[in-house]
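A.B. asks: Sequence plus predicted model, see below.
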Amino acid sequence: MTPGSPSILPYPRISNRVFKASRDPASKPGHVSAIRLTYYLDVLSSWCFVVEGALARLRDDLGPRLEYDWRLAYLFGGGPMGYGPEMNAWFYRRTGSITGVKLNPTWKELADETTWFANLATQAARGLGVPDDRVRLAMSRAAMVDGRHIGRRDVAVHVASEASGLPIVDIEREMNDPRAAQALEKSTQEYKALGVKVQPAFVLTNDIGDTAILSGLYRYETLAACAAEMLTAADGYAAFGAANPQPKPA
């Protein structure tokens, strides 16, 4: 794995007319449908780290046909993770045996560490005007690639500052503002309301009301197949409606 970035798993792209139209909207005259994808994650979830390559590829393939957003959903109730370095290393070996992605377990020091500070620092940067992926990805990589002790508040603050370019004092002030914790709590409750058990979690919707909730799945081909079906259905509705005007109400 290249330091600083998730492995791109060797799954072939789903090449079809739907994704071709994503690259060249002019190739599909008239209405061009889109799907919306909301990604729920804890920045220290190993499986969220693993899915990043597939997610980046999907976003690249779909381009303007994908409306994307990410929302934080802290794990372990925001409290102690409840397991120490040895168990963390075992979890990462298991993940690697399935995915081929090698993770660095050395960031984990104690059983009472929490993912709260890493997520709160990420939320703070977002609240200060950095809503893109750079801080959340930096936080994940700092832990699972570089082995930095990201469970510590001070380390999480430094990583958020480095990735965002914001002063440490601003990150600290925003983390201390109750509104940052409230925003984090709100998005976590949204995740819990989905009724799923594991991350990564995705909610995909299209223009005709189809909805898919995916939890724990990380392969590109799974995400791409779901997206392609949703776009095909929405495109089909639009094409039929254009050729066959809806009857007037009786």
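C.D. replies: Received the coordinates, thanks.

A.B. asks: and Ala142, how far is that from Arg136?
C.D. replies: 11 Å (C-beta to C-beta, to the nearest Å). All C-beta atoms are positioned from the backbone trio N, CA, C, and that covers glycine.

A.B. asks: overlap in contacts of those two?
C.D. replies: With C-beta atoms under 8 Å, 6 or more residues apart in numbering applied, the contact sets of Ala142 and Arg136 do not overlap.

A.B. asks: so where is this protein shaky, pLDDT-wise?
C.D. replies: The model of the chain has pLDDT under 70 over residues 1-31.

A.B. asks: All the helices of it, in order from the start?
C.D. replies: Assigned by DSSP state H, the chain shows helices spanning 17-23, 46-62, 85-99, 116-127, 134-144, 153-164, 168-176, 178-193, 220-243.

A.B. asks: Residues in contact with the fifth one: which ones?
C.D. replies: Translated: helix 134-144. Counting by C-beta under 8 Å, 6+ apart, 4-5, 41, 43-44, 46, 48-49, 52, 70, 72, 92, 103-104, 107, 118, 121-122, 125-126, 148, 150, 155-156, 159-160, 162-164 sit against helix 134-144.

A.B. asks: Would you check that Thr222 makes contact with Leu214?
C.D. replies: Yes - the criterion here is C-beta atoms under 8 Å, and Thr222 meets it with Leu214 at 7.1 Å.

A.B. asks: check contacts around Ile171.
C.D. replies: So Ile171 contacts 121, 124-125, 128, 157, 160-161, 164 (C-beta under 8 Å, 6+ apart).

A.B. asks: which among these end up buried?
C.D. replies: Restricting the contacts of Ile171 to buried positions leaves 121, 124-125, 128, 157, 160-161, 164, with burial counted as 16 or more other C-beta atoms under 10 Å.

A.B. asks: Dump these to TSV, plus distance to Gln199.
C.D. replies: Listed next are the buried ones among the contacts of Ile171 as TSV, based on distance: C-beta to C-beta, whole Å:
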residue	distance to Gln199
Ala121	18
Ala124	21
Ala125	20
Leu128	25
Val157	23
Ala160	20
Ser161	25
Ser164	23
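
A.B. asks: pretty sure Ala54 is touching Arg219, no?
C.D. replies: Yes - with contacts counted by C-beta under 8 Å, Ala54 reaches Arg219, the gap being 6.2 Å.
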